[in-house]
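**Q** what shape does this take:
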Amino acid sequence: METRELRYFVAVAEELHFGRAAQRLGIAQPPLSRAIGGLERRLGALLLERGSRGVTLTGAGAVLLREARAALDAVEAAERRTRRAALTAAGHPAVILAAKAGASGELLAKLLDAYAAEPGAVAVDVLLCGPGEQAGVLRDGRADVALLHRPFDDLAGFDTEDLHTEGQVAVLPAAHPLATRPRLSLAEVTALPDLPLPRWPRPDGTFPDGPGPKVRDHTQLTQLIALGRACAIVPDSIRPSLHEGLVAVPVLDSPRVTTVIAWPPHSRSTAVAGLVRAATAL
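**A** Numbering: from 1, shown residues only. Next up is the predicted model:
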């Protein structure tokens, strides 16, 4: 299979419409349809069910969509990392570290300071991501190393080292009746009718159903909590960055969160190795 064919198939599988996929790809619809048909014949599998109401994925198509996305990410990662290697060879070394905006701030600062003190340290560009984005930018080569959070982030395919495990807290408006409690249960927080939990976007950009407000970053979230429109359950390390008027109350039965440093298993970057070494020594 060619990468062109995979891109064509992913576009149709995500749009579930040949016309929209063709428009997205900037090509005419007939050659797109022929390319998908040729791919199905070579694989000996029906990938898409065509009907009067549109297009749906078959079981085989769902498998190819998952594998095609991974393959295209790998190709993009190879291109990006090769370009960065060329810059390093030309005397402009740098490593890109992805981290979630608003999370692990103290740990990130300590890590950068510790790595900068190492002999041979190179410049570190920090890429701050939205919730759940770090794994994706590490897979597709936009980052060389990342701080991820188990159980929330997908660690599959990465080498990792655990750095820190912590409990979670409920962030509430300071004036809320539960804000004075020494601790809360998960059931108490999720049952608050006046402060629904926020809805974060899925990888495809859609939002799950629910009463909570749609949020895309922690700035939006903290403002909504301060306005009395939402609450949140987040790692305890968020405390130092909380604005005045917000309170963090421990949620004793919420899942514990482990921050890990992750990198591609095939990485031969001495800078990545140095960052991992500095992180695990903290």
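
**Q** C-alpha only now, for contacts and for neighbours.
**A** Noted.

**Q** assumed Gly210 was part of a helix.
**A** No: read with DSSP: H, G, I helix; E, B strand; the rest coil, Gly210 is coil and lies in no helix.

**Q** now it: closest residue in space, sequence neighbours ignored.
**A** Arg199 (7.4 Å; Cα to Cα, 6 or more residues apart in numbering).

**Q** any idea what the one you found is bridged to?
**A** Lys214 (DSSP bridges).

**Q** which residues does it contact?
**A** Residues near Arg199 by Cα atoms under 8 Å, 6 or more residues apart in numbering: Phe207, Pro208, Asp209, Gly210, Gly212, Pro213, Lys214, Val215.

**Q** how about 6 Å then?
**A** Gly212, Pro213, Lys214 (Cα atoms under 6 Å, 6 or more residues apart in numbering).

**Q** buried ones in the helix or strand encompassing Glu40?
**A** Assigned by DSSP states H and E, Glu40 falls within helix 29-43. The neighbour-count check on helix 29-43 (16 or more other Cα atoms under 10 Å) flags Gln29, Leu32, Ser33, Ala35, Ile36, Leu39 as buried.

**Q** output these in CSV, with pLDDT and distance to Leu195 appended to each entry.
**A** Below are the buried residues of helix 29-43 laid out as CSV (pLDDT from 0 to 100; distance: Cα to Cα, whole Å):
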residue, pLDDT, distance to Leu195
Gln29, 92, 48
Leu32, 93, 48
Ser33, 92, 48
Ala35, 92, 50
Ile36, 93, 48
Leu39, 93, 50
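
**Q** buried set for whatever helix or strand comes next after the helix holding Glu40?
**A** Where DSSP H and E defines the elements, the next helix or strand beyond helix 29-43 is strand 48-51. Judged by neighbour count using 16+ other Cα under 10 Å, the buried positions of strand 48-51 are Leu48.

**Q** pLDDT on strand 48-51, on average?
**A** Strand 48-51 shows an average pLDDT of 90 in the prediction.

**Q** mind showing which ranges of this structure have poor pLDDT?
**A** 87-93 (pLDDT under 70).
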